[in-house]
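Peer 1: could you work out the structure for the sequence below:
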Amino acid sequence: MLHTVCFANMHIEPGTKLRTFVDVPRTLNTIPTTFINGKYDGPTVLVTAGIHGSEYPGTAASIELGKAL
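Peer 2: Okay, here's the model as predicted:
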């Protein structure tokens with residue numbers, strides 16, 4: 001059964017992609033985020049990067065993956 005994904009006052013309908021920034025609470029920072037809600041039922045995956053401040057390749061790769069999908 002397909003569901004609308006709701007996160008931080010955003011609603012991502014099945015079969016859509018949203019590239020946006022998510023506010024970090026109690027700071028002036030934002031995090032670039034891509035939500036992809038498939039149009040078919042199936043597995044879920046979460047891709048994160050940038051755990052350590054000097055690790056740029058994973059961040060760049062996750063951004064490119066979000067663009068490509």
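
Peer 1: could you look up the SS state of residue 67?
Peer 2: Following DSSP: H, G, I helix; E, B strand; the rest coil, the label given to residue 67 is helix.

Peer 1: distance from the chain centre to stretch 4-17, please.
Peer 2: 10 Å (CA atoms, centre = their mean, to the nearest Å).

Peer 1: contacts for that stretch next, please.
Peer 2: Outside stretch 4-17, the residues within contact range by CB atoms under 8 Å, 6 or more residues apart in numbering are 2-3, 18, 20, 22-23, 34-39, 66, 69. Heads up, the C-betas are built off the backbone N, CA and C, glycines and all.

Peer 1: let's see which of the residues you listed end up in helices.
Peer 2: Counting by DSSP state H, those place residue 66 in helices.

Peer 1: which one of the contacts of stretch 4-17 sits closest to residue 49?
Peer 2: Nearest to residue 49 among the contacts of stretch 4-17, counting by CB to CB, is residue 66 at 10.5 Å.

Peer 1: can you verify my assumption that the closest one contacts residue 36?
Peer 2: Yes - the pair formed by residue 66 and residue 36 meets the contact definition of CB atoms under 8 Å, at 7.3 Å.
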